[in-house]
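[1] just coords:
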């Protein structure tokens, strides 16, 4: 069953990394239904399956960090029986899922507090944290104009625009990624999510880097929002980009040229004004 979940994770490359981390954490509960003669064999199975889940979606830092946390919690507990080991696993999964989900909400609340009535913002891709922040600000009485980039791959910005269109007091406008510079002078702020931050680099949906660089040139503040589980140091984690099919860019088979379709790009954190997590605001 965990193999099936790993395959699902491979297909969830355009989903929120928090959603992926939660699904992977819950998948480890499937070991409850299996029999193990010793604690050592159970822990080995836990480690093996956790590695399979991490390999299925290696670009999602929150998946990697939460999986390691669960395995380490069981190993450090030094359980005296398989039953206790399973109970430790279940408790660790519960803690991880609760923290990831509550962290997203807390980060969204912090961002919402900074969105003033009448503000115009620009967002990129489909970040559930950013969308919740906008909704919370609107529920609090703020009227917001939001430019939404289409966002490659899979034009996830279109999905974001449809969600925003259902929120009272929010007026979304869908634009192509290349038009961001045209509209930035009209914007008070750029607000984007994050796949992860590793050391001094933000990894996020492709198009984030040119957007942040242009915002920096136009003196438009850039805010990045997400769970602190997505912020890691380089030790033990190496971001792996994903390249999607050429058919998402051009329908007919290319003749005489190659098509490259990366999912993510790298943005130096020096181009960011602040990162907002459940712990509050970090400025740059």
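    Noted; the coordinates are in hand. These numbers were taken from a predicted model, which means no experiment stands behind them.
[2] just for this protein, where's the confidence low?
    1, 6, 9-15, 234-236 (pLDDT under 70).
[3] mind checking the longest helix of it?
    helix 82-112 (DSSP state H).
[4] right, and the helix or strand after that one?
    strand 120-123 (DSSP states H and E).
[5] Report all helices and strands that that next one contacts.
    helix 128-139, strand 144-149, strand 189-192 (3 or more CB pairs under 8 Å, 6 or more residues apart in numbering; DSSP states H and E). Using the backbone N, CA and C atoms, a C-beta is placed for each residue, glycine as well.
[6] Contacts for the second one, please.
    The contact list for strand 144-149 (CB atoms under 8 Å, 6 or more residues apart in numbering) reads 115, 118-125, 134, 137-138, 157, 160-161, 164, 169-177, 179-180, 183, 186-187, 207, 211.
[7] got the angle between that strand and helix 128-139?
    Angle, strand 144-149 to helix 128-139, by axes from the mean of the first three to the mean of the last three CA atoms, to 10 degrees: 160 degrees.
[8] Quick one: distance of strand 144-149 to the chain centre.
    Relative to its chain's centre, strand 144-149 lies at 20 Å (CA atoms, centre = their mean, to the nearest Å).
[9] just the first one next, same as before
    Put simply, helix 128-139 sits 16 Å off its chain's centre (CA atoms, centre = their mean).
[10] in it, what counts as buried?
    128, 129, 130, 131, 132, 133, 134, 135, 136, 137, 138 (16 or more other CB atoms under 10 Å).
[11] Pull out the buried positions in stretch 261-273.
    Result for stretch 261-273 [16+ other CB under 10 Å]: buried residues 261, 263, 264, 265, 267, 269, 271, 272, 273.
[12] Compute the first-to-last residue distance for it.
    28 Å (CA to CA, to the nearest Å).
[13] Residue 96 versus residue 105, what's the distance?
    15 Å (CB to CB, to the nearest Å).
[14] neighbours of residue 111, just the number please.
    Neighbours of residue 111 under the rule other CB atoms under 10 Å: 26.
[15] check contacts around the closest residue to it other than its chain neighbours.
    In this structure, residue 111 finds its nearest non-sequential neighbour in residue 133, 3.7 Å apart by CB to CB, 6 or more residues apart in numbering. Residues near residue 133 by CB under 8 Å, 6+ apart: 107, 108, 109, 111, 112, 115, 191, 225.
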